[in-house]
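J.: my questions concern the predicted model and sequence given below.
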Amino acid sequence: MASSSEEKIHVARELCKQALWPDVLAFAQQWQAEEPVAAKALYYQGIALAALGRLAEAEASYRRALLMDAADFKIWNNLAALLFETLNRPAEAAQCLAQALQIDPGNQLGWANLASMNGQLDRHADALACAERALAIDPEMVEAHLHRARAAQALGKTEIVRAASEALAQLPPEKFQRVA
């Protein structure tokens, strides 16, 4: 077993990269048994449990981790994704992501994701504001431009839709490539 927290995080990340979910789970459970207050151990348990389709257990792991470290952006973010994408609890997911962004207000992907969530909840003014926050951090973020245009369209703000389209047309082609 790895000795320091940094080493344990490294091992858990490597197992996750290889999608060895039963191994991630076993490693994180052993880590948590050795360090009962290690929020990251519960975080990695949550990741593994979600990947294994054990969704209620994954949610419980993330929530237990937050009891130990409520200032961890990644735990809030993963809980939000789980709630939104698989547990069909979008309003609660948006609240979790908003909490994460209080911790790390400079996270442009978090703002873009919250823009998407708000848009899907028909909160278009909030979606527009979140997309604009993401663009203030990264003016070349394609997803944020798209969320901005979608929200503006729903709000009938054609000048913003036009501006978003023009901004997208000015971006270099490599900005439109997905990163794995």
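T.: Thanks, I have it.
J.: neighbours of Ser4, how many?
T.: Using other Cβ atoms under 10 Å, Ser4 is surrounded by 8 other residues. Backbone N, C-alpha and C define where each C-beta goes, glycine included.
J.: where does it fall, phi/psi-wise?
T.: Backbone geometry at Ser4, expressed as degrees, to the nearest 10, gives phi -90, psi 160.
J.: pLDDT score for it?
T.: For Ser4, the model assigns a pLDDT of 86.
J.: let me see the contact set for Gln45.
T.: 25, 28-29, 32, 58, 61 (Cβ atoms under 8 Å, 6 or more residues apart in numbering).
J.: and stretch 169-180, how far out from the chain middle?
T.: 21 Å (Cα atoms, centre = their mean, to the nearest Å).
J.: and stretch 123-130, by the same measure?
T.: 17 Å.
J.: please enumerate residues in contact with it?
T.: For stretch 123-130, the external contacting residues (Cβ under 8 Å, 6+ apart) are 94, 111-112, 114-116, 118-119, 147-148, 150-152, 154-155, 157, 160.
J.: before we move on, what about stretch 169-177?
T.: 140, 142, 145.
J.: which of the contacts of Gln45 has the most neighbours?
T.: Going by other Cβ under 10 Å, Ser61 tops the contacts of Gln45 with 29 neighbours.
J.: next SSE downstream of the strand or helix carrying Gln153?
T.: Secondary-structure assignment from DSSP states H and E places Gln153 in helix 142-155. Sequence-wise, the next helix or strand downstream of helix 142-155 (DSSP H and E) is helix 158-170.
J.: that following helix vs helix 142-155, what angle?
T.: 160 degrees (axes from the mean of the first three to the mean of the last three Cα atoms, to 10 degrees).
J.: from Leu109, how far off is the nearest residue to Pro105 once chain neighbours are set aside?
T.: Using Cβ to Cβ, 6 or more residues apart in numbering and skipping residues adjacent in sequence, the residue nearest Pro105 is Arg133, 8.0 Å away. From Arg133 across to Leu109, the span is 11 Å (Cβ to Cβ, to the nearest Å).
J.: re the thing from before, which one of the contacts of stretch 169-177 has the most neighbours?
T.: His145 (23 neighbours).
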